[in-house]
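Undergrad: Quick check, what structure comes out for this input:
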Amino acid sequence: MLNSLFIQAIAVDWDQIAPGSYLRDIPAVAGLSRLEFERPVTFFVGENATGKSTVLEAIAVASGFNAEGGTRNYRFSTWDDVSELGQALRLSRGPRQARTGYFFRAESFFNVASKAAEYDRERGAPSFGDRGLHEQSHGEGFLSFFQTFRGAGLYLMDEPEAAISPQRQLTLLLHMKRLAQAGAQIIAVTHAPILLGLPGAQILSFDGGEIRPVAWEETESYRITKLFLEKPERVFRLLEEEDAEEIPGKERT
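TA: Sure thing, here's the model as predicted:
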């Protein structure tokens, strides 16, 4: 399907993946041959270890970003654990070229902030807001990083909500909406029901061993949060009684 997105689809050349690679043991990833993007904002959702971040990292690497995060100008590595999926991924690009963008991943944000501090010393001025990222609180640093970028760029986000309060998530939600309206493309991994509520977003679930579209109200993040807010006593009772099957997405342990 033709559209104006920077990345219209991805495909995997499995001949480039070693036969014994752990990627073949992740059901949603192993079943991935081609995936199309239909909206300016796409969210990857699903339980931990279902392959969401692995696929996002591969998209980032294939797009020319540093695997640990930052803009395309960032080149550093503190831990070499990048999967081979990035080299096997093939991007179907749209008619436009993204002139700006970033790859954000919460787990390595400290490393990006440290590298930004080096660049700031070279430039003699902070790159993100009026203070260096390490001089701000964790949540403030996240938002400063996001809000520095504006316009039609490619923005890849891995758990952007990790250090941000619900109120600040609303700020990020509005920023994401404005980026999309300005012609940007956003692909994000998130567990935050607030962010998932962005109107018009494409939501792709990695649960159940396949990647498939779901509605906001069908995501486990939404269903579990809604159940807990409406009936917290029932949720605690079910947890204590180990009636896990009655809790959306919760398996009996």
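
Undergrad: Identify each buried residue in stretch 198-211, please.
TA: Judged by neighbour count (16 or more other Cβ atoms under 10 Å), stretch 198-211 contains these buried residues: L198, A201, Q202, I203, L204, S205, F206, D207, I211. To be clear about C-beta, it is placed using only N, CA and C from the backbone, and glycine gets the same treatment.

Undergrad: Please enumerate the helices of this protein.
TA: Taking DSSP state H as the test, the helices found in the chain are 27-30, 52-62, 85-88, 109-123, 138-148, 166-181, 193-196, 220-230, 232-241.

Undergrad: Comparing those, which comes out most buried?
TA: Among those, ranked by average contacts under mean count of other Cβ atoms under 10 Å, first place goes to helix 52-62 (a mean of 23).

Undergrad: from the chain's centre, how far out does that one sit?
TA: Centroid separation for helix 52-62 versus its chain: 9 Å, with Cα atoms, centre = their mean, to the nearest Å.

Undergrad: same check, this time on stretch 157-167
TA: Distance of stretch 157-167 from its chain centroid, counting by Cα atoms, centre = their mean, is 10 Å.

Undergrad: Just the terminal-to-terminal distance for it.
TA: 19 Å (Cα to Cα, to the nearest Å).

Undergrad: what does stretch 29-38 give?
TA: Termini of stretch 29-38 sit 19 Å apart (Cα to Cα).

Undergrad: contacts for that stretch?
TA: Contact with stretch 29-38 is made by 1, 3, 5, 7-12, 14, 23-24, 51, 54-55, 85, 185, 187, 202, 204, 209-211, as judged by Cβ atoms under 8 Å, 6 or more residues apart in numbering.

Undergrad: Export the buried residues of stretch 198-211 as JSON lines, with columns for pLDDT and distance to L238.
TA: Shown next, in JSON lines, are those (pLDDT from 0 to 100; distance: Cβ to Cβ, whole Å):
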{"residue": "L198", "pLDDT": "98", "distance to L238": "30"}
{"residue": "A201", "pLDDT": "98", "distance to L238": "30"}
{"residue": "Q202", "pLDDT": "98", "distance to L238": "32"}
{"residue": "I203", "pLDDT": "98", "distance to L238": "26"}
{"residue": "L204", "pLDDT": "98", "distance to L238": "28"}
{"residue": "S205", "pLDDT": "98", "distance to L238": "23"}
{"residue": "F206", "pLDDT": "98", "distance to L238": "25"}
{"residue": "D207", "pLDDT": "96", "distance to L238": "20"}
{"residue": "I211", "pLDDT": "98", "distance to L238": "29"}
